[in-house]
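Enquirer: Generate a structure from the sequence data that follows.
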Amino acid sequence: MQVAAHGRRAGQFGDNVPVRNKRLGLNTLQMFVAAATERSMSAAATHTGTTQSAVSQGIRQLEDDLGVVLFDRRRRPLVLTAAGLTLLNRARALLAESARMRSEVLEASRGIAPEVTVGLVDSFAATCGPSFIRELLHKTVRLSVGRGLTPYHGEKLLARELDIAITTDTFEGLDGLVHRRVYSEQFLVLAPKGTVRRRVDREMLVKHAASAPLIRFNSKSHLGSKVETFLRRAGVRTMSRLEVDNADTLVAMVAGGIGWAVTTPTCLIQGLQHLASVQVEVLSGVHGGRSMYVLGREGEHEKLFETCYEATVGAVKEMLLPTLTRLAPHVVDQIQLEPALGGTD
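Expert: Numbers count the residues shown, from 1 in each chain. Down below sits the predicted model:
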């Protein structure tokens with residue numbers, strides 16, 4: 001890497017001597033920074049692994065190229081001039097950036113991404129996020145993680161605000177995106193303790209809807225929309241009384257006896273602190289659910305996409321399934337992981 005330099009040399013070289021544009025080499029800047037830091041040419045030579053003569057000649061050439069005096073050589077130890085101090089500050093920043101660039105290029109060649117921004121749907125972030133992020137940190141230099149509602153993930157990917165999303169929608173209407181399903185999960189019914197049977201069929205859903213209010217997910221959320229579609233297709237009419245923004249609030253409201261809800265195993269674990277006060281039942285004869293996907297831009301970050309997929313599967317196996325097995329074993333089979341050999345959709 002080289003940087004263009006221009007200007008004129010002051011002091012002993014005369015103020016009116018024009019200086020042509022030059023290229024400053026990084027090795028010369030490293031010798032200058034070492035001399036300025038150590039305040040000694042000989043110490044700079046030791047620091048950079050070269051000779052004192054090479055350091056002295058390099059700094060003389062740097063002064064010639066810039067047209068300025070960098071050191072007051074009449075004083076010992078060496079003292080920087082105003083021009084030298086300015087160059088020192090800029091050179092340190094430039095050398096640091098050069099080192100970062102080299103590191104990122106080398107790491108990229110080994111499959112390590114430099115800077116990655118990942119978006120996680122709330123329920124996945126709250127249940128599997130720590131395991132997923134822990135694994136991804138081994139494959140990135142700098143990781144930024146955001147969470148939020150699914151509907152915004154597609155637009156943020158296309159706007160390059162995200163590199164990868166773990167989300168529940170494939171955004172089929174948006175061109176330039178690729179997805180791969182990680183797992184699918186069936187809807188569950190939540191009610192206060194002792195109010196429903198072990199399995200809930202359509203008839204039981206209709207009775208339940210007639211006797212108590214349904215606690216809904218936010219209608220702007222992808223899950224909220226999926227639940228509404230499921231109930232409509234099942235012919236279940238519900239009282240619209242209460243909407244909530246997240247899964248832990250939904251479980252808390254059911255635990256408080258306010259109403260009943262339709263949710264998923266992942267969202268159930270998001271509200272696990274209230275799990276002891278709710279009854280969790282699986283559906284019988286009626287089916288509905290959602291899937292979790294890794295979503296990315298077509299033709300970009302292919303290694304990162306695969307890394308995120310593997311990290312997502314690992315997080316489900318490490319955190320979500322064991323937690324369900326411990327707290328609600330009868331719903332574990334409501335989650336189906338995709339076959340290991342599945343490809344990118």
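Enquirer: So which residue is dead centre in this protein?
Expert: By Cα atoms, centre = their mean, the chain has its centre lying nearest to residue 118, at 2.7 Å.
Enquirer: contacting residues around residue 314?
Expert: Going by Cβ atoms under 8 Å, 6 or more residues apart in numbering, residue 314 touches 131-132, 135. From N, CA and C alone the C-beta is placed, and that goes for glycine too.
Enquirer: Helices of the stretch 101-250 of the chain, start to end?
Expert: 122-127, 129-137, 153-158, 202-211, 222-233, 247-255 (DSSP state H, counting those that start in this stretch).
Enquirer: can I get these in a markdown table with distance to residue 322 and mean pLDDT?
Expert: Formatted as a markdown table, those follow (distance: least, Cβ to Cβ, whole Å; pLDDT from 0 to 100):
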| stretch | distance to residue 322 | mean pLDDT |
| --- | --- | --- |
| helix 122-127 | 11 | 93 |
| helix 129-137 | 11 | 93 |
| helix 153-158 | 27 | 86 |
| helix 202-211 | 30 | 86 |
| helix 222-233 | 23 | 92 |
| helix 247-255 | 19 | 93 |
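Enquirer: Out of the ones you listed, which is closest to residue 47?
Expert: helix 129-137 (32.9 Å; Cβ to Cβ).
Enquirer: Identify each buried residue in that closest one, please.
Expert: 129, 131-133, 135-136 (16 or more other Cβ atoms under 10 Å).
Enquirer: what residue ranges in the protein score low on pLDDT?
Expert: 1-22, 100, 103-104, 106-114, 149, 195-198, 340-345 (pLDDT under 70).
Enquirer: can we see that at 50?
Expert: 1-19, 342-345 (pLDDT under 50).
Enquirer: got a list of what residue 208 touches?
Expert: Residue 208 neighbours (Cβ under 8 Å, 6+ apart): 189, 191, 196, 200, 260.
Enquirer: farthest-separated two in those residues?
Expert: 200 and 260 (9.7 Å).
Enquirer: more crowded one of those two?
Expert: More crowded of residue 200 and residue 260, by other Cβ atoms under 10 Å: residue 260, with 26 against 23.
Enquirer: what separates the more buried one from residue 189, distance-wise?
Expert: Relative to residue 189, residue 260 is positioned 7 Å away (Cβ to Cβ, to the nearest Å).
Enquirer: Ok, residue 151 next?
Expert: Separation of residue 151 from residue 189 (Cβ to Cβ): 25 Å.
Enquirer: out of the two, which sits in the more crowded spot?
Expert: For residue 151 and residue 189, the more surrounded residue by other Cβ under 10 Å is residue 189, and the numbers stand at 22 against 15.
Enquirer: Overlap of the contact sets of residue 200 and residue 260?
Expert: Taking Cβ under 8 Å, 6+ apart as the criterion, residue 200 and residue 260 both touch 189, 208.
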